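>>> Got a sequence here, can you build the structure:
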Amino acid sequence: MPPHGRLASLAPGILVAATGVGAADLITAAFSGDQLGVAIAWAVVLGATLKFALSEGLARWQLATDETPLESLARIAGRGVVAAFLAYLVFWGFFVATALMGGAGVTAHALLGGTDPRTGRIAYGLATSLLGALLVRTGGYALFQRVMKVTIGITFALVVATGALVLAQDWATIAPTLLVHRRPVTEGLGLAWTIALIGSVGGTVTVLSYGYWIREEGRHGLAHLAESRLDLGIGYLMTALFGVAMVVVGSTIEVTGDGTAVIIAIGDALATRLGQPARWAFLVGAWGTVACSLLGVWQSVPYLFADTWAQLRGRGAGVRVDVASPPYRLALYALATIPALGLVRQFSTMQRWYAIVGASFMPLLALALLVVGGRALRGRPGAHGPLAIGAYVVVLAFFVVAAAFEIRSRLGR
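This next block holds a predicted model:
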């Protein structure tokens, strides 16, 4: 798509935000609302703001240098660091793909039924995966972004509408939790849930996808920075509203269960309070959320694999990833099939390892922005100013603490 003389499509920012919202975000926001009430909604806003700061830095880095972060990493840090990232990407990709397949399978089974839950989780999850891969392979970026914009709109409307309906119907229950916790919280648990909620908003590795999508839109040069800030701002605003809606829903019910069974339990609780239409609306919205995240990962992670592979082979910067190339296709097909092996394990086990692997990425990304991004941008227009550097230091410090909490809590189970 050629550069635009007017505001270009807002798709990239919305896509990167939607891709980062999956089953884990739904569950964490609902649990946090259950434990802490609507008073914790500020954590969702803070989490979205932190992810916006990182994504804006990545966009500015690429627009100023015409290099993706991976291209700069190869040039500045060398191929050894790129190879380490590739190993991490393969490891992370397996767990995130299994978690997404499982989440799509559980929610689809709750809507469609037809078999026992375990078989349904596997069958529906694999079917959603293969359908996503087919769409990505045959339609490319153009079809992907059109489908995602429609699906995201419907999903966003359903989940936010559910939160608004709960707010209207249960205001008497919600009002006391606006400033104080819903119930007494075990010592340390409130802090743990707050950190988990802030850290879970907006995805992890998938924030790197934005650079490839703005290349598809034809954005090159800092003249497009305001455009990118606008679409990222809208995307993360949607993410924040989505998270707040789930906090509101969770604040009115007792959230129980493990893994994506929590989503089913929330749907059943909504049916008891508000009737079956509320259950259906929420479950359709939940399935759409997970399916959008799956589709976004299926389309974007092969970009990362193909770009990393190209850097290891010495390809220069500024070259658009060929979605018909063998590395892109290999990554897509592997992502859509091999992680299905993880569906035979308990979903909570795979979700635990996905959370651990993902939690470690954000402090590394903040560090890369400070060190590699700082060096790549040195002396250029768009270089990090004191405000940006301060923001990255804050993000780095927070996500180091968040990663430590996440890893300790997950390994302690």
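
>>> residues contacting Val344?
Val344 is in contact with Ile122, counting by Cβ atoms under 8 Å, 6 or more residues apart in numbering. Every C-beta, even on glycine, is put in place using the N, C-alpha and C of the backbone.

>>> On the pLDDT front, check it for me.
We note a pLDDT of 76 for Val344 in this prediction.

>>> which one is Arg320 nearest to, not counting chain neighbours?
Arg215 (5.6 Å; Cβ to Cβ, 6 or more residues apart in numbering).

>>> Give me the pLDDT for the one you found.
90.

>>> What about it, how many residues nearby?
21 (other Cβ atoms under 10 Å).

>>> Tell me which residues touch it, please.
68, 320-321.

>>> and of the residues you listed, the nearest to Ala108?
Val321 (30.7 Å; Cβ to Cβ).

>>> which residues in the stretch 51-200 of the chain form helices?
With helices called from DSSP state H, counting those that start in this stretch, the stretch 51-200 of the chain shows them at 69-77, 79-112, 117-169, 171-174, 189-200.

>>> Also compute the angle for the helix or strand following the last one relative to helix 69-77, please.
Translated: helix 189-200. Counting by DSSP states H and E, the element after helix 189-200 in chain order, helix or strand, is helix 209-216. If you take axes from the mean of the first three to the mean of the last three Cα atoms, to 10 degrees, helix 209-216 sits at 110 degrees to helix 69-77.

>>> Between helix 117-169 and helix 209-216, find me the angle.
Between helix 209-216 and helix 117-169, the angle comes out at 90 degrees (the same axes, to 10 degrees).

>>> List the buried residues of helix 209-216.
Under the neighbour-count criterion of 16 or more other Cβ atoms under 10 Å, helix 209-216 has 209-216 buried.

>>> burial measure for Arg378, as a count.
Based on other Cβ under 10 Å, the number of other residues close to Arg378 is 9.

>>> sorry, back to before: so which of the buried residues of helix 209-216 is the closest to Ala306?
Tyr212 (9.3 Å).

>>> Now do the same contact list for that closest one.
If a contact means Cβ under 8 Å, 6+ apart, then Tyr212 has 68, 300, 303-304, 307, 321 as its contacts.

>>> if we can go back for a sec, in a markdown table: the contacts of Arg215, plus pLDDT.
Compiled in a markdown table, these are given as follows (pLDDT from 0 to 100):
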| residue | pLDDT |
| --- | --- |
| Thr68 | 90 |
| Arg320 | 80 |
| Val321 | 84 |
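
>>> Which ones among these map onto strands?
Secondary structure defined by DSSP state E assigns none of those to strands.

>>> Please identify which of those residues is nearest to Leu332.
Val321 (11.9 Å).

>>> Gly20 versus that closest one, what's the distance?
20 Å (Cβ to Cβ, to the nearest Å).

>>> Check Glu254 too.
Counting by Cβ to Cβ - Glu254 and Gly20 are separated by 28 Å.

>>> the more surrounded of those two?
Gly20 (26 against 11).

>>> Quick one: residues contacting that one.
Neighbours of Gly20 in contact, by Cβ under 8 Å, 6+ apart: 51, 201-204, 206-207, 239, 293, 296.

>>> related to what we said a few turns ago, which of the contacts of Arg215 sits closest to Arg229?
Using Cβ to Cβ, the contacts of Arg215 come closest to Arg229 at Thr68, 18.5 Å.

>>> Hmm, His224 is touching Ile214, no?
Yes. Counting by Cβ atoms under 8 Å, His224 touches Ile214, with 7.2 Å between them.

>>> Find residues that contact each of these two.
Common contact partners of His224 and Ile214 (Cβ under 8 Å, 6+ apart): Leu63.

>>> Quick check: mean pLDDT of stretch 368-378?
Stretch 368-378 carries an average pLDDT of 91.

>>> Sorry, slip of the keys, the one I care about is stretch 119-138.
Here stretch 119-138 scores 91 as its mean pLDDT.

>>> repeat for stretch 28-41
Per-residue pLDDT over stretch 28-41 has a mean of 78.

>>> Take the contacts of Tyr212 and keep only those in helices.
If you go by DSSP state H, the contacts of Tyr212 have 300, 303-304, 307 in helices.

>>> which two in these are spaced the farthest apart?
The widest separation within the ones in helices among the contacts of Tyr212, taken as Cβ to Cβ, falls between Ser300 and Asp307 and amounts to 10.7 Å.

>>> next structured bit after the helix or strand of the chain with the lowest mean pLDDT?
The helix or strand of the chain with the lowest confidence, counting by mean pLDDT, DSSP states H and E, is helix 347-359 at a mean of 59. Remark: after helix 347-359, the chain's next helix or strand is helix 361-368, criterion DSSP H and E.

>>> Need the contact partners of that next one.
Here helix 361-368 has contacts from 54, 69, 73, 88, 92, 199, 204-205, 207-208, 392, 395-396, 399-400, 402-403, using Cβ under 8 Å, 6+ apart.

>>> what is the orientation angle of it with helix 79-112?
Going by the same axes, to 10 degrees, helix 361-368 makes 140 degrees with helix 79-112.

>>> May I have helix 361-368 as CSV, with CA atoms only?
What follows is helix 361-368, C-alpha atoms only, in CSV (Å, rounded to 0.1, in the frame of the first residue of the first chain):
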residue,chain,number,x,y,z
PHE,A,361,10.2,-10.4,27.6
MET,A,362,8.9,-7.0,28.6
PRO,A,363,11.9,-6.0,30.7
LEU,A,364,14.2,-7.2,27.9
LEU,A,365,12.3,-5.0,25.4
ALA,A,366,12.6,-2.0,27.6
LEU,A,367,16.3,-2.6,27.9
ALA,A,368,16.6,-3.0,24.2
